[in-house]
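K.L.:
With the input below, show me the fold.
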Amino acid sequence: MKHGHTCSYSENKANLLRRLRRIEGQIKGIQKMIENEKYCADVLVQIAAVRAALNKVGLIIFEDHTRGCVAEAIHTECGDKKIHELVDVLSKFIK
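P.N.:
Numbers count the residues shown, from 1 in each chain. Next up is the predicted model:
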């Protein structure tokens, strides 16, 4: 869905999609662990691994956004607005 914005992560698209497919596989693995009533601690370790992997995907997109969209906006009159947006997105991302 387009919102009149370009994405700064285009160069990382293949890497991001590969990471997301791996995360999807990890989620399916956790589902199987639950179905097979695996040990709780093992399930929790896998959940932590998925969170870390998803956070890494978010960090890559966040960095690309900062280096692309935000850096570009700073050189225009939209800089303050884009910085405010960045802070807002960061606060949601770290929750």
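K.L.:
Excluding chain neighbours, what is closest to the spatially most central residue of the chain?
P.N.:
The C-alpha lying nearest the average C-alpha coordinate of the chain belongs to residue 58 (C-alpha atoms, centre = their mean; 2.0 Å). Computed as C-beta to C-beta, 6 or more residues apart in numbering, the closest residue to residue 58 that is not its neighbour in sequence is residue 93, at 5.8 Å. In short, each C-beta sits where N, CA and C put it, glycine included.
K.L.:
That neighbour touches residue 54, doesn't it?
P.N.:
No: using C-beta atoms under 8 Å, residue 93 is not in contact with residue 54; the gap is 10.8 Å.
K.L.:
Those two: who's more crowded?
P.N.:
A count of neighbours by other C-beta atoms under 10 Å puts residue 54 above the other of residue 93 and residue 54, at 15 against 12.
K.L.:
How confident was the prediction at that one?
P.N.:
Looking at residue 54, its pLDDT is 96.
K.L.:
go on, residue 75?
P.N.:
pLDDT at residue 75 comes out at 84.
K.L.:
same deal with the one 3 residues further on?
P.N.:
pLDDT for residue 78: 79.
K.L.:
swap in residue 1?
P.N.:
For residue 1, the predicted pLDDT is 39.
K.L.:
Residue 93 versus residue 82, what's the distance?
P.N.:
16 Å (C-beta to C-beta, to the nearest Å).
K.L.:
Show the pLDDT at the residue nearest to the centre of the chain.
P.N.:
Confidence at residue 58, expressed as pLDDT, is 94.
K.L.:
List the buried residues of the helix or strand hosting it.
P.N.:
Using DSSP states H and E, residue 58 sits in helix 40-65. Of the residues in helix 40-65, 46, 50, 57, 61-62, 64-65 count as buried by neighbour count, 16 or more other C-beta atoms under 10 Å.
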